[in-house]
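Participant: I would like to see how this sequence folds:
(2 chains)
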Amino acid sequence: MEQDLSYFKNFGEQVEQRISKLDNFAQRNQPAYPPRVIRNHTAAEAIKMFEEAEAALPEDSEEKPQLSVEVAGRWVAVRIMGKSAFAHIEDGSGRLQIYLKKNELGTELYDVFKKDFDLGDFVAVQGYLFRTRTGEVTVQVDNYQLASKALHPLPEKWHGLKDVETRYRQRYLDLVANPEVRDIFRKRSRVISAMRKYLDGEGFLEVETPALQPIYGGAMARPFTTHHNALDMELFLRISDELYLKRLIVGGIDKVYEICKDFRNEGISTKHNPEFTMMECYWAYADYQDVMVLVENMIAFIAQEVLGTTKVVFNGQAVDLTPPWKRLNLAEGIKEQTGIDIFDTYPDVKALWAECQQRKLDVSPQPTWGKLVDELLGEYLEPTIVDPVFIHTFPLDISPLSKQSPDDPRVVERFEAFVAGMEIGNAYSELNDPIAQRRRFIDQQQTTDEEAHVMDDDYVIALMQGMPPTGGLGIGVDRVVMLLTDQQSIREVILFPHMRARE
RNA sequence: GAGCCGUUAGCUCAGCCGGUAGAGCAACUGCCUUUUAAGCAGUGGGUCGUGGGUUCGAGUCCCACACGGCUCACCA
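Facilitator: Coordinates of the predicted model:
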């Protein structure tokens, strides 16, 4: 079976050496990539089994447990001392030391291990368990097989893999080399499990709604555009699932949620990936105040499930997630931080801008009063927040899907949840008046804003069918994971963050 | 999209005022039967991100480009 290996030989000296070892296996009639190997124990199971057997022996016993195991894993470290060698293999459960002795294995098996096996290879070993002089539970190997050959060497054992670009582009290397990275993604998985557990426990029904949408909506963002060939129609990747979930509220699913990817065609930063994970839930007969309680309880529950505490550290700062969280009126917060009473200028963006200029505030110009208020929030309120705060009562013009406040037409019943300088959630009492909703869509069209909501007639028609008073919520799942794993970059909590193509 | 910083062996990093490229780990060859960043002796391995330019001579200086990181802008 002559094969052209020139492609692989361009990867350098060490790859070439490993490829040449494939011949040695072939000549011994041993597959380098066997379809299966014997494996009856994980590394962790083997260790646990031995420890339990030890504990079962009488206190003063000289006996040692006699247990044989069949384990397999990636060979990650070795210490060869002439006629014997210690090595570590690693599987999904952890590391296990193995011990190979020439006089136990026989010359041939022992020499083959030294000669044709490399760090990074997967091996299956059979043997019996013992405890070394230093106390480590170890497999004394009496037989072994290659489970899968690695042609590329592992990253450095002590410093791990540091190069950020390689870590993201070849995440498998990052996971192999850096145990703390594996831990982040285990936690991520548990955060999402805990979130489901909480919502399911509260009686929410998990659903799936379209990612390909003929009309995008539910958020202020630019969409990705795509095309369906058979239907010859333009489609958008969802920027939010909000308008679909609320149709389900209309349909009588009173408590509903979805955890899914949203796609926003905007800049990439340490807090933004073009596709990100969002949890949205809608709760009939609840309002934004009820949703605040849900958020603080849910986040505290998740922290407790994943970390065993509601007190975390983020970026060197202690953050206490224990409910209840602080409630802060947006206008009052801005007044505290900047001295500006935003309602003095309502709804005149020019007057508010002049006010900002006069106070020499570091804000950029915005098309509307509401957007400028939001800018003030982002610049002067958000950075001051460490412990969680619900900032509530938002300008109406930047909240086209939220219900107007009954005692102030300028604002809506909406809040955003901030923790450690990050926005992690956005929620409101849902606008369920179809006439008002249509008006708000039309108002959005009047703005020149590229991110303005587009008219969604089907959604308005759904509201005409009647939607109960409803509280809705969106939680940035990646942000929650960042918070609970103390990661300052969203790329550290996304397995394959978006990267520019090379060459 | 803008500013700043980075890109040297498989990995982690040195490389001064411009003078033929270095270390540790990994690899290879020996020695070594309880080690765990094992140890000892020796050897090989480089398009210095890419392309131009300056210069007798460029990893080093200049310009452009690529990719990445951070900050900013937009957003969750």
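
Participant: can you name the element that comes right after the helix-or-strand element of chain A with minimal mean pLDDT?
Facilitator: Least confident helix or strand of chain A, by mean pLDDT, DSSP states H and E, is helix A:6-9 with a mean of 82. The helix or strand immediately downstream of helix A:6-9 is helix A:13-27, counting by DSSP states H and E.

Participant: next secondary structure element downstream of that next one?
Facilitator: helix A:43-56.

Participant: got the buried residues for that following helix?
Facilitator: Across helix A:43-56, burial judged by 16 or more other Cβ atoms under 10 Å covers A:Ala43, A:Glu45, A:Ala46, A:Ile47, A:Met49, A:Phe50, A:Glu54. C-betas here are computed from N, CA, C, even on glycine.

Participant: phi, psi for the residue lying closest to the fifth one once chain neighbours are set aside please.
Facilitator: Just to be clear, that refers to A:Met49. Among residues not flanking A:Met49 along the chain, A:Leu67 sits closest, at 6.0 Å (Cβ to Cβ, 6 or more residues apart in numbering). Phi and psi for A:Leu67, reported as degrees, to the nearest 10, are phi -130, psi 130.

Participant: what does the pLDDT read for A:Leu67?
Facilitator: The model reports A:Leu67 with a pLDDT of 95.

Participant: that one: what's it in contact with?
Facilitator: A:Met49, A:Phe50, A:Ala53, A:Tyr128, A:Leu129 (Cβ atoms under 8 Å, 6 or more residues apart in numbering).

Participant: let's have those residues in JSON lines, adding pLDDT.
Facilitator: Below are these laid out as JSON lines (pLDDT from 0 to 100):
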{"residue": "A:Met49", "pLDDT": "96"}
{"residue": "A:Phe50", "pLDDT": "96"}
{"residue": "A:Ala53", "pLDDT": "94"}
{"residue": "A:Tyr128", "pLDDT": "96"}
{"residue": "A:Leu129", "pLDDT": "97"}
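
Participant: if we can go back for a sec, now do the least confident helix or strand of chain A: everything it contacts.
Facilitator: By Cβ under 8 Å, 6+ apart, the list of residues contacting helix A:6-9 reads A:Val15, A:Glu16, A:Ile19, A:Leu151.

Participant: the nearest residue to the first one once chain neighbours are set aside: what's it in contact with?
Facilitator: I take that to be A:Val15. Excluding the flanking residues, the one nearest A:Val15 by Cβ to Cβ, 6+ apart is A:Leu151, at 5.5 Å. Shown in contact with A:Leu151 (Cβ under 8 Å, 6+ apart): A:Phe8, A:Phe11, A:Val15, A:Arg18, A:Ile19.

Participant: try 10 Å this time
Facilitator: A:8, A:11, A:14-19, A:21-22, A:32, A:118, A:120-121 (Cβ atoms under 10 Å, 6 or more residues apart in numbering).

Participant: among those residues, which ones lie close to RNA strand B?
Facilitator: By Cβ under 7 Å from any atom of the strand, the members of the contacts of A:Leu151 lying near RNA strand B are A:Gln14, A:Gln17, A:Asp118.
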